[in-house]
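S.K.: Output the structure for:
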Amino acid sequence: MSISGLVPDGRALARFLRTETMNYRYLYDGSLPLNEMVNTLAEKHQRHIHFGGKRPFGVGLLIAGYDRQGVHLVQTVPSGDVYDYKATAMGVRSQSARTYLEKHFTTLTSISLEELITHALKALASATPENVNLNVNNTTIAVVGKDVPFTILNEEAARKYLDNFVMRPQDRVAANVNEEDDEVIHEQPLDVDE
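M.R.: Here you go, the predicted structure:
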């Protein structure tokens, strides 16, 4: 699971999901199915929107998992909507990463794990400024899939991918994006009396 938005809200939702999975394991002696977990999370988002005195969660979650139906990459948003993707990115400048993934989507279904990780790194690098290089200090690599439990690669394994990683200029979708373009500034206060 990764988060984008208000970190305290993300931690609260992660704690909620941890509790839900532990309860399910205690009651049913098994893993909470991904679709059930996501539906429970969406309901929690909805409860915060529809009942007075609570503000919506200011966080989006990206959850990767595997169940009987296959691999899932699910995104939840503060409104409680749930989106199931084959490949996506979220957060600041994520459109560049999504554009990279869309360009290479047809090749992603029939390549090795190593090539998938390389494409993920290229998508991530396409959304970063040119002066930022991916390294073990700013990049975490995790894998999940059929017969592959969720695993975060240790520093040595991640370094193998990151040290051999080369980002070609033609792969960089956001090569000429200005950093200030990501920030919205309202110069005039909004007049609500009119």
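S.K.: how far does the lengthiest helix in the chain sit from the chain's center?
M.R.: Scanning the chain for the helix with the most residues, using DSSP state H, yields helix 7-28. Helix 7-28 sits 18 Å away from the centroid of its parent chain (C-alpha atoms, centre = their mean, to the nearest Å).
S.K.: Downstream of that helix, the next helix or strand is which one?
M.R.: With elements assigned by DSSP states H and E, the helix or strand that comes after helix 7-28 is helix 34-50.
S.K.: With only the CA atoms kept, save that next one in PDB.
M.R.: This file holds the C-alpha atoms of helix 34-50, laid out as PDB (Å, rounded to 0.1, in the frame of the first residue of the first chain):
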ATOM      1  CA  LEU A  34      -8.700  -7.900  -1.500                       C
ATOM      2  CA  ASN A  35     -12.100  -6.900  -2.900                       C
ATOM      3  CA  GLU A  36     -13.700  -7.200   0.600                       C
ATOM      4  CA  MET A  37     -10.900  -5.100   2.100                       C
ATOM      5  CA  VAL A  38     -11.200  -2.400  -0.500                       C
ATOM      6  CA  ASN A  39     -15.000  -2.300  -0.100                       C
ATOM      7  CA  THR A  40     -14.600  -1.900   3.600                       C
ATOM      8  CA  LEU A  41     -12.200   0.900   3.000                       C
ATOM      9  CA  ALA A  42     -14.600   2.600   0.600                       C
ATOM     10  CA  GLU A  43     -17.400   2.400   3.100                       C
ATOM     11  CA  LYS A  44     -15.200   4.000   5.700                       C
ATOM     12  CA  HIS A  45     -14.400   6.800   3.300                       C
ATOM     13  CA  GLN A  46     -18.200   7.200   2.600                       C
ATOM     14  CA  ARG A  47     -19.100   7.300   6.300                       C
ATOM     15  CA  HIS A  48     -16.700  10.300   6.700                       C
ATOM     16  CA  ILE A  49     -18.300  12.100   3.900                       C
ATOM     17  CA  HIS A  50     -22.000  11.600   4.700                       C
END
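S.K.: in the helix or strand following that helix, what counts as buried?
M.R.: Counting by DSSP H and E, the next helix or strand C-terminal to helix 34-50 is strand 59-67. Buried residues in strand 59-67, counting neighbours by 16 or more other C-beta atoms under 10 Å, are found at V59, G60, L61, L62, I63, A64, G65, Y66. Any C-beta I mention is one placed from the backbone N, CA and C, and that applies to glycine too.
S.K.: ok, the second one - contacts?
M.R.: For G60, the contact set (C-beta atoms under 8 Å, 6 or more residues apart in numbering) comprises I3, S4, G5, Q75, T76, V77, P78, M90.
S.K.: My read is that the fifth one contacts I63, right?
M.R.: It stands for T76. Yes - taking contacts as C-beta atoms under 8 Å, T76 lies within contact range of I63: 7.3 Å.
S.K.: what is in contact with these two at once?
M.R.: Once C-beta under 8 Å, 6+ apart is applied, the residues that T76 and I63 both contact turn out to be V38.
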